[in-house]
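K.L.:
Take a look and give me a structure for this.
(chains A and B)
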Amino acid sequence: MRIVIAEDLFLLRDGLTRMLEAHGLEITAAVDNGTDLLAAVTSERPDVAVVDVRLPPTFTDEGLRAALAARRAVPGLPVLVLSQYVEQLYARELLAGGSGGIGYLLKDRVLDSAQFVDAVRRVAAGGTVMDPEVIDRLLLHNSGDNALGTLSPREREVLGLMAEGRSNAAIAQRMFITERAVAKHTASIFLRLRLQPSDDDNRRVLAVLAYLSAEQPAARE
Amino acid sequence: MSSRTPPLSSSGLRGPHPRWIGAGLVSARRGLGFGALMLAGAALLLALAAPLLLAGLAAGRLLGRSGSPANFTVVPGGVPQPAGPGEPLGRQLFLAALIVLAACVVWLLLLPRILLAIRRLASLTRRLVGEWCGVRIADPYLPIPAAVRGTYFQQLRWLLADPATARDVLWLAVNACGGWILAVLPAGLATVGLVEFIGPTTRPLVAIPPPAFPGNTSFVLILLGMGLIALGLGSGPAMLAGYGTLARFMLSPAGHAELALRVRHLAETRSEAIDTGAAEMRRIERDLHDGAQARLVAMGMTLDAAGQLIDSNPAAARALLLEARDTSARALAELRDLVRGIHPPVLADRGLGDAVRALALDSPLRAGLASDLPGRLPAPVESAAYFAVSELLANVSKHACATQVWVDIRYADGMLRVGVSDDGRGGADASRGTGLRGIERRVAAFDGVLALSSPPGGPTAVTMEIPCALSSLKTSSC
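P.N.:
This next block holds a predicted model:
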């Protein structure tokens, strides 16, 4: 798998490169700004781009804008955005395209390399990966939602993991239950939230995220 | 918040007649109100000048007694002798002086009361001029030092040291000498006109002599009366506005007094800003010391232990390494929260509008946001407004029992206006609890103001106004 990294801090760029290479992934370019990222993705056509939100010259949301620009330049390019902090606002902007191949994670997640590499692979495969903190805040924001209130604690946990972009198998492993139990939970969740069930993992994630980030959650019955 | 001047034509006077008549009637009524204030002012002036008047009166009486020839029996070839009721002049003088002295003592004791009454009257005039004439007049008085209340001499000194006191007295004099005419003239003209108008048709109410000119007929009088009424009512609003301008000229803070007030305000808000800043630094220091710093120390020790165990007990070393990793994750989380509290990254990235949008997204309430900012605000203002909104939203979700909150951010005429309102139960009080007071202080450091409207039962609306300049035009973002 071929990866382009955009990260301005040398230590982190180097650390990411070494970690991903240690897991057998190929780093085709490691750049430190948005312009170079755009050039690298158009010339290298990588399987996934890993981009830091804060890049020179403005050190604000340059990386986010570069990632969105890269996706416009190379349609369907999977992008995993890393940040020291996560904002729902940015998650929304990344998800606005509606297609998959988007990841948004806290930089902390690189501490668990196995999970991080798994996330990179999922995004490269066209999946959606959201940081648990984004999901926590989405759930908090939706705490007034009546439909969500009818979910059992177990189902809420499944919903959260599903929103993070995990497959039934991963959820089952995480919750120490069988995949069939997870499937039962997800069916119940989709029924209660009146969402269209789907076998496609990514479409399922996007539906849940769209539900959670709808403008006026409490207005729903 | 600026109190809005009610429109001159009150709804009760609207009817079939043209609007200017209603406006004229209202102005005439208000002018009469100012006339009544003038009478009260004149009475206070008399009280202020009482000893002088009394002394003058006494002197006049004495002189009149000794000076008038009717009271003297002139003895031929002799000195004039005071006749009077048989008392010698010296004793009369002594008595008069005693009375005047006693009056002066009483007057001195009452002086602070009189001055305070004058001050109250001037304040009332300021308020009414603001409400009736649409002319806002700032309060010119120096604040009361805490020690002043109660003790007579300190109070007197405070009152006399304030240049606004002398200006108030001057205003009373100017008003009594002729200023009032401006206010009362419309009503007076209309009244005279009314009498001229009614006079010929019915019995004259007041003996106002009909104008003596050739052709002095009822018809002419009626025309004249109507003209006078029209003049009085028509000129009413303008006269009232003129009176307001005069009052502002006399009653607003004099140049140096205004500066003194400003300096005082700046000194207060500056020291508050410094205190807040220092407290914030201490909090950050403590958070770092107890949080990330402590975790890094723990991590170092865990790593050291792992290093010592790695050959003898690889399994234990591995467990320690995992522990160190978890500690570093916690340290990162704490640093992230700390940074969010100092200067939220999304605020630095996107400015106030999007930062508040992010706040709304995180809030458990239904939040509607309307943001109209043509550019980026100065960073300190942005930060103050952001934390104010953040705290207000937290207040709403904690106390208001609200389901919906609206945030409205706009910038116009060098002023940032932020409104936060909810559909909760109301009853918020800035004097209870420190939250609103803290926001008010933070906003005051930028010469901003905070207004709260929260009747019991709701809804609650908080409005902040911060004067500031836009630092840069909006850069196009994708």
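
K.L.:
from here on, contacts and neighbour counts on C-alpha atoms
P.N.:
Noted.

K.L.:
Figure out the helix or strand that B:Ala43 lives in.
P.N.:
Counting by DSSP states H and E, the element that carries B:Ala43 is helix B:19-48.

K.L.:
so B:Arg417 sits in a strand?
P.N.:
Yes. Counting by DSSP: H, G, I helix; E, B strand; the rest coil, B:Arg417 is part of a strand.

K.L.:
hey, which helix or strand in chain A has the poorest pLDDT?
P.N.:
Ranked by mean pLDDT, DSSP states H and E, the helix or strand of chain A with the weakest confidence is helix A:146-149, at a mean of 80.

K.L.:
Centre of the chain to that helix, how far?
P.N.:
24 Å (Cα atoms, centre = their mean, to the nearest Å).

K.L.:
what does stretch B:171-180 give?
P.N.:
With Cα atoms, centre = their mean, you get 24 Å for stretch B:171-180.

K.L.:
What is the burial count for B:Gly232?
P.N.:
27 (other Cα atoms under 10 Å in any protein chain shown).

K.L.:
Am I right that it sits in a helix?
P.N.:
Yes. Counting by three-state DSSP, B:Gly232 falls inside a helix.

K.L.:
Please tell me how far the closest residue to it other than its chain neighbours sits from B:Leu240.
P.N.:
Nearest residue to B:Gly232 in three dimensions, chain neighbours excluded: B:Pro186, at 4.1 Å (Cα to Cα, 6 or more residues apart in numbering or on different chains). B:Pro186 is 9 Å from B:Leu240, where distance means Cα to Cα, to the nearest Å.

K.L.:
for B:Leu95, same thing?
P.N.:
Taking Cα to Cα as the measure, B:Leu95 falls 49 Å from B:Leu240.

K.L.:
Show me which of those two is the more surrounded one.
P.N.:
B:Leu240 (26 against 13).

K.L.:
Which pLDDT does the model give the more buried one?
P.N.:
We note a pLDDT of 83 for B:Leu240 in this prediction.

K.L.:
For the strand or helix carrying B:Phe249, name the packing helices and strands.
P.N.:
Under the criterion of DSSP H and E, B:Phe249 resides in helix B:218-251. Here helix B:218-251 touches helix B:19-48, helix B:89-128, helix B:163-174, helix B:180-201, going by 3 or more Cα pairs under 8 Å, 6 or more residues apart in numbering or on different chains; DSSP states H and E.

K.L.:
Could you list the buried residues of it?
P.N.:
B:218, B:221-222, B:224-248, B:250-251 (16 or more other Cα atoms under 10 Å in any protein chain shown).

K.L.:
Could you look up the next helix or strand downstream of it?
P.N.:
Helix B:218-251 is succeeded, C-terminally, by helix B:255-288 (DSSP H and E).

K.L.:
Tell me how far that next one lies from the chain's centre.
P.N.:
That offset, for helix B:255-288, works out to 21 Å (Cα atoms, centre = their mean).

K.L.:
Now do that helix and helix B:163-174, the angle between them.
P.N.:
140 degrees (axes from the mean of the first three to the mean of the last three Cα atoms, to 10 degrees).

K.L.:
same question for helix B:255-288, mean pLDDT?
P.N.:
85.

K.L.:
what's the domain layout of the chain?
P.N.:
Answering for chain A, as no chain was given. Domain assignment for chain A by automatic domain parsing gives A:2-130, A:135-219.

K.L.:
my question was about chain B
P.N.:
B:16-72+B:80-251, B:262-342, B:351-473.

K.L.:
doesn't A:Ile135 make contact with A:Gly160?
P.N.:
Yes. If you go by Cα atoms under 8 Å, A:Gly160 and A:Ile135 touch, sitting 6.3 Å apart.

K.L.:
Phi and psi next, for the closest residue to chain B within chain A.
P.N.:
Relative to chain B, the nearest point of chain A is A:His141 (4.0 Å; Cα to the nearest Cα). Backbone torsions of A:His141, given as degrees, to the nearest 10, read phi -60, psi -30.

K.L.:
For it, which non-adjacent residue is spatially closest?
P.N.:
B:Pro364 (4.0 Å).

K.L.:
Which phi and psi values does the one you found adopt?
P.N.:
phi -70, psi -10.

K.L.:
Quick check: it touching A:Ser213?
P.N.:
No. Applying Cα under 8 Å as the test, B:Pro364 and A:Ser213 come out as separate, 12.0 Å apart.

K.L.:
Which of these two has more residues huddled nearby?
P.N.:
Ranked by neighbour count (other Cα under 10 Å), B:Pro364 and A:Ser213 place B:Pro364 first, with 24 against 19.

K.L.:
what sits against that one?
P.N.:
Taking Cα atoms under 8 Å, 6 or more residues apart in numbering or on different chains, we find B:Pro364 in contact with A:Leu140, A:His141, A:Asn142, A:Ser143, A:Gly144, B:Ser397.

K.L.:
residues contacting the first one?
P.N.:
Shown in contact with A:Leu140 (Cα under 8 Å, 6+ apart): B:Asp362, B:Ser363, B:Pro364.

K.L.:
pLDDT added to the residues you listed, as JSON lines?
P.N.:
Shown next, in JSON lines, are the contacts of A:Leu140 (pLDDT from 0 to 100):
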{"residue": "B:Asp362", "pLDDT": "84"}
{"residue": "B:Ser363", "pLDDT": "84"}
{"residue": "B:Pro364", "pLDDT": "83"}
